[in-house]
Each structure stands twice: as C-alpha cells, then as structure tokens.
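Participant: Provided below are the primary sequence and the corresponding predicted coordinates.
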Number of protein chains: 6
Amino acid sequence: MRLLARVLAPKVIVHAHCDLPCGVYDPAQARIEAQSVKAICEKYAQNSDPEFRARAVRIKEDRSDLVKHHLWVLWTDYFKPPHFEKYPELNQLFNEATKLAGAGGTKASNDVATADALLARIDEIATIFWETKQG
Amino acid sequence: MRLLARVLAPKVIVHAHCDLPCGVYDPAQARIEAQSVKAICEKYAQNSDPEFRARAVRIKEDRSDLVKHHLWVLWTDYFKPPHFEKYPELNQLFNEATKLAGAGGTKASNDVATADALLARIDEIATIFWETKQG
Amino acid sequence: MRLLARVLAPKVIVHAHCDLPCGVYDPAQARIEAQSVKAICEKYAQNSDPEFRARAVRIKEDRSDLVKHHLWVLWTDYFKPPHFEKYPELNQLFNEATKLAGAGGTKASNDVATADALLARIDEIATIFWETKQG
Amino acid sequence: MRLLARVLAPKVIVHAHCDLPCGVYDPAQARIEAQSVKAICEKYAQNSDPEFRARAVRIKEDRSDLVKHHLWVLWTDYFKPPHFEKYPELNQLFNEATKLAGAGGTKASNDVATADALLARIDEIATIFWETKQG
Amino acid sequence: MRLLARVLAPKVIVHAHCDLPCGVYDPAQARIEAQSVKAICEKYAQNSDPEFRARAVRIKEDRSDLVKHHLWVLWTDYFKPPHFEKYPELNQLFNEATKLAGAGGTKASNDVATADALLARIDEIATIFWETKQG
Amino acid sequence: MRLLARVLAPKVIVHAHCDLPCGVYDPAQARIEAQSVKAICEKYAQNSDPEFRARAVRIKEDRSDLVKHHLWVLWTDYFKPPHFEKYPELNQLFNEATKLAGAGGTKASNDVATADALLARIDEIATIFWETKQG
C-alpha cells in the first residue's frame, strides 16, 4: 500500500530559489499559497461566524502576500533578458498576476472567482517557466 | 511546443497550509527548501572564494530554517492522533528530519551528504503524507 | 526598598536558544507567550467592543504562533535521543501542546480554559526539561 | 525525582507583552537573548574555525537585535510617566542598554565583557521593573 | 515635462540606517509609515463596511509598529550622549512619539487627530535630527 | 538656529504604501535602502578586517532585499495599466532595477559602481513616478 501511495503521489520535482543564487526555482511555491487563498475563500463562504471570517480575511491577506513575493522572485531573479524577448507577454502576465494577489485582488476580495483568476495567471506563468527549462 | 511543456511539467497538485486552517498542506514546501540547501552545498564545494562561501553558508542557514518550519507545521497541524497511531514511527521521523535541518545538520554542515539525508527523511514523510490522503 | 524588590523578583535563570547552538534554552519563552494568550482571552471576555475584540483575536494569533515556535525549538533542538528514551511521553506532550496553540487551540478559541490547558502542557514540559538539566 | 526537579526549577512568573495591550511584560525576555549573546561570545573564543566564527557572529547579531527589541518594548509600552518621574535614570539606562546591544556593543564586539555589561544593565532595569510591580 | 517633474519632485536626500553602522539615517522612514497610518484613519472614517474596516485596523497596526521601530532606531543608534545633553527633551520626545504609535495611540485609535499628534512629534524629532547634522 | 535647520532640512513629502491600499507611495523608501547599500560598499572598501567585511556583506544583503521589496510594491501596487501604456519602458526599468539589487547586483558585488547603477535606475523610476503624480 505504501508503494501505491508512492506511485500516486505527485512526481514533483520541486524548485526553490535564493539569492546566492542556488538556481532552484519553482512556480509551485506561488501556486501553493494561491491554492490556500482559494481554500480560504471557500471556507469563508461556508461559515458566517464573524470571528471566523475575520480570521479568514486576515490569513488570506498573509497568503496573498506570499503569492506576490514568490512571483516577484521569479520575475526578477529567474527570468533573464532572452526570456523576455521570447515571451514579450511575460511582464504584463506577472504584473497582472501580482495585482490579482494584491489590494485589487485576493487581498480585498473573498470571491473564489478572484482566486481562480489568480491561479489561472500563475498557471500561464508556470507553462512558460517549464518551457524555458527545456531550452 | 507549449503543449509539450505542459505535458513535461510536473503534474504537481500542491498544498500549503495555514492556521485557519485552510486544509491545504504539502510536503513539497519543505522539499523545495531542502533542495535549495543541497544546491547551495554543491555550489559551495565548487567555489573557494571566501566571500561567496560566507554568503552560501548564511543563505543555507535561512533555507534550513524554512525546512524546519514547514516540517513542524505538518507535524503539529496536519497529522492527527489516528495518524500517529497508524504510523508510530512518525514522531521520530519528524524529530530526525528537523534535527537534520538544524545545528547538527545542514545548518553547520556544508556536506551534500547531509542535505541528501535530509531529503531522504522528507521523502519518507511525504510517502506517509500521501498515504493518509487516500484514507 | 530596591533591595526588597530584588528579593521579591523571581530568581529567574533564563535560557534562550539559537542554532549555533549556543546551548541556552528555557521553556519560559513559550510560557511567557502563553500567559500573554491567556491575558488576551481574559480581556476579550471583559470587553464586548467588536474592534477591540478583532484586535485581541489577531494579536492572540500572533502570540500563539510564538508559543508553537518556542516549543518546536525545544522539541527539535534541545531534546536528544536519550531524553526521548527516558521520557517516552515527550513526543505526544509536545504534539499536544503545539496543537493547543494552533488552529484547534488558542488560535480559534477565546476560551480561557484552552489557554489554561496550554499552560498546563507547557508546565509538564518544563518539569521534564529541568529534570534533564540535573543529569 | 520529578518532584525534586519541580522544586529546583526556577519559580519563574514570566511576563510577556503585546500591543493589545495584554499587560504582561517581563525583562526576562531581553535577558534570555542577552545570555544567548554571552554564550555565543564564549563559544566564539573557544573555537577558531573561521566558518564557525562567521556563523557565531551572524547569530549573535540576530540575538542582539532581539535584546534591543524587548528593551524598547519595555521602555515605550510598559513604563509610564510616573515611573520616569520616580526613576529619572530610566531613560539613560535604557538608552545605554540598547546601545550595548547595538553596533557599538554586542553586534560588533565578540568580547564576553561587552555581553556582561549588557546583562548588568538589563539587571538594573529588571530591578526597577520589579519595584514598580509592587506599587 | 519630465524635466518639470524632476523639478517638482521632492529634493529628498534620504537616509536609512543599519547596524554596521552604515551611518545613513533619516526620520523620513518613520514619517512615511505615520502618513500611511493617517491615510488609513481617513479611509476608515469614509467607509463603514465592516470588513474594510477590519482590514484597515489591522494594516494600521502593522504600520504603527514600523513607526515605532524606525523611531527606536534613531533614539538608540543615531543619537549619542552629546545630543542628549544638548537636547534634554529628546528622551521624552521619543518616548511620547513611540507611545503615540502604540497601544495608547494609533494602534487602538482610528482617530485622525491621534495620527496628527504622532506626525507632529516626528516632525519635532526631525527638526532636532537635521540640526545635529549641521554640527 | 532651529529655524535654520528647518529650512535646510529636506522638504520631503514622504509616501508609503500598504495593501489597504492607503494610497501613500514614495520611491524614497527604495532609495533610502539603496543609499545604505552604497554606504556599506564604501565602508567595506575602507576596512579590510575580515569580520567587519563579513558583517558588511551580510547587512548589505538585507538592505538589498528591502530595495527589491520597495520597488516590487511600486511596480505591482502603484503603477496602473495607463502608466504602462504611457511609459512603455517601465517594465524593463523595474526589472533591471530589481536585478541590480539582487544576486547579479548589490547582493554579490561590493562595488560602489554597482550601487550607483542601482541608484540611477531608482532615480529614473522616481522621475516617472512624480510625473504621474501630476496627472
């Protein structure tokens, strides 16, 4: 059964980053936090207790901050001039994605649709990211 | 080609956490930072410039801290009493894994083998984690 | 009178920690934050102003986080294999204590009784801690 | 034996703070970090490995920062105008203590004597603190 | 037109600090955050949506914290004994300013007048600061 | 004389930001940290003590991080689509500026020229920022 679990578990080759730089990056870091944002929006919708909601809004704000941070790191530290040439939409994509995690996005909104829009943008970025990894 | 990238990119279903709780967890968060730790050890070995090495050691320390944090969150917040009953080795596994990311592990050591030992422990935890996800 | 104060003041031999490691640890760090959590619960009960309560809930959450952090440090960094052999209840004690400071404990609850339960667990840990200090 | 440990353990009535305010303060928080600073200075003196020393210096800097923070909190948040009237030396005491934990103190110096001077200042503050607690 | 903007833009010679020390300080850092606090109080007054207000209160608290931090740094790290001799009011000024950014000030109050009182104190500090810069 | 100081002091109308959003922004926040980075580079060049240099490199890294953060905030939170239309160079400007504060810039380099290049980019951004403030 443990073997089965191993097979079913995502074959994730995860990547992080640091400013050494270590060369390890992965859009999954932003996506993880964005999925948390979405899950919070869903729980917010299902629970009308004001104190639960206050906690949900606050924690969602922290998670949105992390989304912004992880995306900024990719934009500044991972992507290089040749990438921006090849993918001229990259700048706008990152700007829209980070805005969707900010005051005009999942910070002020508790709407699952906003979280979904954020996730969609992150997936577009991830697609480009993985393309660049293959040269 | 973009389609190809989509296919080749990890089919990662990522999970985070927060103390709402949002119910989103994923051992990938710890693994990402541990891979960064390993990459830093490798770069350290290849570059004898003292200032580069000083930066490497310091950044590795921050990354190791993040490994510890993500593992602690899983141990305290995700795993529940029935899990500990079913997997009696869980406590020791987490204790060893977090120690491997601490002062007796990747914080003081620049040895790639130490980072590999840490990664191995995280993978054991991830296997159990994904088993519990299937009920 | 200052002399009197000196006499009355707690004869505290405090201990911290760091990952050098410096070898300085003390369960007082977790207890301090847990007492703050309890005081906030009491003030919350006495003041029905919604904005005061919102601030109380948020600050209590930060303090609970610190309790978890200080306990995790003791569990991973101070306690060694021989301790776990001698005190087989240690793992469960730490897991319960950190859970009591989390989403199922003082994070979501404003109940003084929950804070008291957390303090009781910390005291059990402190007792073991001070026993180990005497060899 | 556990009873003995209980008896020998410090009878610490610890106090923290937060900006609710919770009303819980304790100079022990600053002292804990300062003791860590001193222990690091001692370990630094005993170990000439450059990498160990680099780690020691960095961690000592973080710990010194925490000393400053805990002292600032006491100075701004706990002590009130009547205290400053009764103890006109308080301002200078706090200014000297925080300077001793800064760039002219334990941040740049690895000298145990500097850490001792910092601890002495914190003890003077603690004496006044506990006097004010008795009305 | 860009030239015009250059002319109209504040001729700000900004200064930061760090504990090297780098010798770069500027009261503007505290003032920036205090202006943010004031702007939040104004927006709070104009918007009665409870969730907006909850976010406003929380963010204001973080910003107030930053005000306190920047002021503490000036008080401990920039000002030296000769300054305190020449400006005997300095200690009380800083203590009042930081209290105004704390639990008895802009943390608990949403009143624009409190934020204005804080800004006034910061301006008094800034005046003294710039005097000391001229020898 | 105090009057003179008031006159000589920068007539800074400072602006911060937060995700309420409070609407208060100012490129001065990034510039303050970048000036600190430059000052550290200068002190590094003048002091060959290895421990001083290690501290300088580390502190410079933290300050560079703050530069990146403040610039990212402006890019994502302050600048809106019409700005990007009017100033098509904005994206590249921000990308280059943040890269200059990263691993390929002031994080790895102790060269004053790198810090100067970063300051120049920030000034270009500030010029555009103040233009947009005038409609």
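Facilitator: Happy to help now that I have it. Keep in mind it's a predicted model, so treat the numbers as computed, not measured. Residues are numbered from 1 along each chain as shown, chains lettered A, B, ... in the order given.

Participant: pLDDT wise, what is A:Pro10 at?
Facilitator: Looking at A:Pro10, its pLDDT reads 35.

Participant: Run the contact check for the strand or helix carrying A:Thr127 versus chain B.
Facilitator: Using DSSP states H and E, A:Thr127 sits in helix A:112-132. Yes: using CB under 8 Å from any CB of the partner chain, helix A:112-132 reaches chain B at A:Ala126, A:Thr127, A:Ile128, A:Phe129, A:Trp130, A:Glu131. Where C-beta positions appear, they are placed from N, C-alpha and C, glycine not excepted.

Participant: So which of those wins on neighbours?
Facilitator: Ranked by the number of neighbours (other CB atoms under 10 Å in any protein chain shown), those place A:Phe129 first, at 23 neighbours.

Participant: And for that residue, nearest residue in space, chain neighbours not counted?
Facilitator: Take A:Phe129 and drop its neighbours on the chain: the residue closest to it by CB to CB, 6 or more residues apart in numbering or on different chains is A:Pro27, 5.2 Å away.

Participant: ok, back up a step: show me what the helix holding A:Thr127 is packed up against.
Facilitator: Packing partners of helix A:112-132 (3 or more CB pairs under 8 Å, 6 or more residues apart in numbering or on different chains; DSSP states H and E): helix A:28-46, helix A:50-73, helix A:81-86, helix A:90-100, helix B:2-8.

Participant: Of these, flag the one that's most buried.
Facilitator: Highest mean neighbour count of the helices and strands packed on helix A:112-132: helix A:28-46, a mean of 24 (counted as mean count of other CB atoms under 10 Å in any protein chain shown).

Participant: can you give me the angle that one makes with helix B:28-46?
Facilitator: 160 degrees (axes from the mean of the first three to the mean of the last three CA atoms, to 10 degrees).

Participant: one step back: what's the distance between the residue nearest to A:Phe129 and E:Gly105?
Facilitator: Noted for A:Pro27: a distance of 42 Å to E:Gly105, by CB to CB, to the nearest Å.

Participant: so who does A:Val37 touch?
Facilitator: A:Lys60, A:Arg63, A:Ser64, A:Val67, A:Ala101, A:Thr106, A:Ala115, A:Leu118 (CB atoms under 8 Å, 6 or more residues apart in numbering or on different chains).

Participant: Mind doing that once more with 7 Å?
Facilitator: Taking CB atoms under 7 Å, 6 or more residues apart in numbering or on different chains as the criterion, A:Val37 is in contact with A:Lys60, A:Arg63, A:Ser64, A:Val67, A:Thr106, A:Ala115, A:Leu118.

Participant: what's the answer for A:Trp75, then?
Facilitator: Shown in contact with A:Trp75 (CB under 7 Å, 6+ apart): A:Phe94.

Participant: what kind of secondary structure is it in?
Facilitator: Following DSSP: H, G, I helix; E, B strand; the rest coil, we place A:Trp75 in the helix state.

Participant: Now the two most distant members of the residues of helix A:112-132 next to chain B.
Facilitator: A:Ala126 and A:Glu131 (9.7 Å; CB to CB).

Participant: And the residue of chain A found nearest chain C, how far from chain B?
Facilitator: Nearest residue of chain A to chain C, counting by CB to the nearest CB: A:Ala54, 5.6 Å away. Separation of A:Ala54 from chain B (CB to the nearest CB, to the nearest Å) stands at 11 Å.

Participant: Same check on A:Asp65?
Facilitator: To chain B, A:Asp65 is 12 Å away according to CB to the nearest CB.

Participant: contacting residues for that residue?
Facilitator: Applying CB under 7 Å, 6+ apart to A:Asp65 gives no contacts.

Participant: what pLDDT does it get?
Facilitator: Note on A:Asp65: pLDDT of 93.

Participant: and if you look at the one 4 residues further on?
Facilitator: Note for A:His69: predicted pLDDT of 95.

Participant: same deal with A:Leu119?
Facilitator: At A:Leu119, the predicted lDDT confidence score is 98.

Participant: before we move on, what about the one 4 residues further on?
Facilitator: The confidence metric pLDDT takes the value 97 at A:Asp123.

Participant: re earlier: which one of the residues of helix A:112-132 next to chain B is nearest F:Glu89?
Facilitator: Nearest to F:Glu89 among the residues of helix A:112-132 next to chain B, counting by CB to CB, is A:Ile128 at 22.1 Å.

Participant: Looking at chain A, which residue is nearest chain E?
Facilitator: At 5.6 Å from chain E, A:Ala54 is the closest residue in chain A, using CB to the nearest CB.

Participant: who's in contact with that residue?
Facilitator: By CB under 7 Å, 6+ apart, the contact set of A:Ala54 is C:Ala54, C:Val57, E:Ala54.

Participant: Looking at these, spot the one nearest chain D.
Facilitator: For the contacts of A:Ala54, the residue nearest chain D by CB to the nearest CB is C:Val57; the value is 10.1 Å.

Participant: Tell me if I'm right that that closest one and A:Glu51 touch.
Facilitator: Yes: applying CB atoms under 7 Å, one finds C:Val57 in contact with A:Glu51, separated by 6.2 Å.

Participant: How about A:Ala97, nearest residue that isn't a chain neighbour?
Facilitator: Nearest one to A:Ala97, counting by CB to CB, 6+ apart, is A:Arg121 at 3.8 Å.

Participant: can you check A:Thr132 too?
Facilitator: A:His83 (5.6 Å).

Participant: pLDDT score for the one you found?
Facilitator: Per-residue confidence at A:His83 stands at 97 (pLDDT).

Participant: Flag every residue of chain A that's near chain E.
Facilitator: Counting by CB under 7 Å from any CB of the partner chain, the positions of chain A adjacent to chain E are A:Ala54, A:Val57, A:Arg58.

Participant: Take those and write them to CSV, including pLDDT.
Facilitator: Shown next, in CSV, are those (pLDDT from 0 to 100):
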residue, pLDDT
A:Ala54, 89
A:Val57, 93
A:Arg58, 91
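
Participant: Show me the shaky parts of chain A.
Facilitator: Low-confidence segments of chain A, defined by pLDDT under 70: A:1-17, A:135.

Participant: Spit out the contact partners of the nearest residue to A:Gly23 once chain neighbours are set aside.
Facilitator: Excluding its sequence neighbours, the residue lying closest to A:Gly23 (CB to CB, 6+ apart) is B:Ala39, at 5.9 Å. B:Ala39 sits next to A:Cys22, A:Gly23, A:Val24 when contact means CB under 7 Å, 6+ apart.

Participant: Give me the distance between the closest residue to the first one other than its chain neighbours and E:Asp19.
Facilitator: Think A:Cys22. Nearest residue to A:Cys22 in three dimensions, chain neighbours excluded: B:Ala39, at 4.1 Å (CB to CB, 6+ apart). Distance, B:Ala39 to E:Asp19, by CB to CB: 30 Å.
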